[in-house]
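Participant: Please find the sequence and the predicted model below.
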Amino acid sequence: MSARLLNGTEIARQVRAELAPRVAAFSARAGRPPGLGILLVGHDPGSEIYVRNKGKAAAELGIRADTERLPHTATLDEVLAIVDRLNKSAVHDGILVQSPLPAEMGSDAEQRVFDTISPAKDVDGFHPVNVGLLVQNRPHLVPCTPLGIIELLVRSETKIAGARAVVIGRSDIVGKPSALLLLHRHATVTICHSKTVNLPAVAAGADILVAAIGRAGFVTRDFVKPGATVIDVGINRVTDPEVARRLLLSTPQRLADFEKKGSVLVGDVHPEVAEVAGVLTPVPGGVGPLTIAMLLGNTVKAAEASIGTR
Ligand code: NDP
């Protein structure tokens, strides 16, 4: 069997197209476009790319995106002061502080930032109020990657109600909210993590398998029930030639790119899974584009809520 690949880039394009009239309607009514304030601390190369892509996608849709920067030596108080200013801003409906923050800020810095962002502007969906609303199935602003996973499943007409779903990973930003969204759509959900016993056998019971681990090619064919829908959330930069050759054996073009560049992005799912799964999301071009589209959707939603049209 050869899995059907879900084209996340195309689905994200559809989502953005559907947002365009809402952006126009908000702008006409409010006399300004929806606004997103982004804060980037330090010079993490991955974060630079994410922030650039988010800003570009927002601008293309007619959303105002303003990126503020702080050096990696900045203090948590400086970060919180900017968040406070954005909370009060009349032109920013959404606030995004790019993770990770510099390690020197302390292990609880990100949570302090999430706690400080106004729940009404929390387009990442990480504030405890929004987390609580999601747990109670009264969602307002929901984390973007889990929302994107559901969007991929719905638009690929994957049946969620009644399905057995296994989510590997229990992070607050991906694993847990993904499991909750699947549960609220009536899947029977199992959450797995690093202490799960006999993980391949548990995963192999899934009709829908979500891999959000952060380990290149970790999910091999023995994890996958034939015909299952497999959502690969992982984004892993591989620089080890041996690992790259093992993972890219079936995609000679990508292997050639690796040999040229010395690095490649791969998911948590081994390419051999395509021979077993019914549906599979590629990396890149699967969940990633949806994450950005959902961020734009959350910004529009927050903007609409601010003028009472949502
Ligand atoms: P975290 O590191 O926060 O969480 C990883 C989870 O995987 C943990 O729950 C951990 O278990 C589990 N895990 C790690 N090793 C194993 C193992 N050997 N067996 C079973 N479970 C294991 O990562 P995130 O949730 O933030 O991200 C996961 C991946 O998704 C990363 O590759 C990240 O880059 C990617 N990502 C992609 C996005 C996108 O837009 N496509 C957006 C966000 C993330 P435990 O809790 O026991 O430690």
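Facilitator: Sure thing, it's come through.

Participant: mind listing what's buried in the helix or strand L255 falls within?
Facilitator: Using DSSP states H and E, L255 falls within helix 252-261. For helix 252-261, the neighbour count (16 or more other CB atoms under 10 Å) marks 254-255, 258 as buried. Every C-beta, even on glycine, is put in place using the N, C-alpha and C of the backbone.

Participant: So which elements touch that helix?
Facilitator: Judged by 3 or more CB pairs under 8 Å, 6 or more residues apart in numbering; DSSP states H and E, helix 252-261 is in contact with helix 241-247, strand 264-266.

Participant: how about the residues of the protein near the ligand?
Facilitator: 145, 168-171, 173-175, 192-196, 199, 212-215, 233-236, 287-288, 291 (CB under 6 Å from any ligand atom).

Participant: Buried subset of those residues as a ChimeraX selection?
Facilitator: To isolate the buried ones among the residues of the chain next to the ligand in ChimeraX, judged by 16+ other CB under 10 Å, type:
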select :145,168,169,170,171,173,174,175,192,196,199,212,213,233,234,235,236,287,288,291
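
Participant: Just the strands from the chain, written as ranges.
Facilitator: 4-5, 35-41, 64-70, 94-97, 164-168, 188-192, 208-211, 229-232, 236-238, 264-266, 279-280 (DSSP state E).

Participant: Can you list the helices and strands that the fourth one packs against?
Facilitator: Right, the one you point to is strand 94-97. Here strand 94-97 touches strand 35-41, helix 76-88, helix 287-306, going by 3+ CB pairs under 8 Å, 6+ apart.

Participant: Tell me which residues touch C144, please.
Facilitator: 123-125, 290-292, 294-295, 298 (CB atoms under 8 Å, 6 or more residues apart in numbering).

Participant: repeat for A24
Facilitator: Contacts of A24 by CB under 8 Å, 6+ apart are G62.

Participant: ditto for K54
Facilitator: Per CB under 8 Å, 6+ apart, neighbours of K54: 36, 38, 65, 96, 292, 295.

Participant: Please put the alpha-carbon coordinates of the longest helix seen in the chain into PDB.
Facilitator: Scanning the chain for the longest helix, with DSSP state H as the assignment, gives helix 8-30. Only the C-alpha atoms of helix 8-30 are listed here, as PDB (Å, rounded to 0.1, in the frame of the first residue of the first chain):
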ATOM      1  CA  GLY A   8      -0.700  20.800   4.000                       C
ATOM      2  CA  THR A   9       0.500  23.700   1.800                       C
ATOM      3  CA  GLU A  10      -2.700  23.500  -0.400                       C
ATOM      4  CA  ILE A  11      -5.000  23.100   2.600                       C
ATOM      5  CA  ALA A  12      -3.400  26.000   4.300                       C
ATOM      6  CA  ARG A  13      -3.900  28.100   1.200                       C
ATOM      7  CA  GLN A  14      -7.600  27.200   1.300                       C
ATOM      8  CA  VAL A  15      -7.900  28.200   4.900                       C
ATOM      9  CA  ARG A  16      -6.200  31.600   4.200                       C
ATOM     10  CA  ALA A  17      -8.500  32.200   1.200                       C
ATOM     11  CA  GLU A  18     -11.500  31.600   3.500                       C
ATOM     12  CA  LEU A  19     -10.100  34.100   6.000                       C
ATOM     13  CA  ALA A  20      -9.600  36.900   3.400                       C
ATOM     14  CA  PRO A  21     -13.300  38.100   3.400                       C
ATOM     15  CA  ARG A  22     -13.300  38.100   7.200                       C
ATOM     16  CA  VAL A  23     -10.200  40.300   7.200                       C
ATOM     17  CA  ALA A  24     -11.800  42.600   4.800                       C
ATOM     18  CA  ALA A  25     -15.100  42.800   6.800                       C
ATOM     19  CA  PHE A  26     -13.200  43.400  10.000                       C
ATOM     20  CA  SER A  27     -11.100  46.100   8.400                       C
ATOM     21  CA  ALA A  28     -14.100  47.900   7.000                       C
ATOM     22  CA  ARG A  29     -16.000  47.800  10.300                       C
ATOM     23  CA  ALA A  30     -13.100  48.600  12.600                       C
END
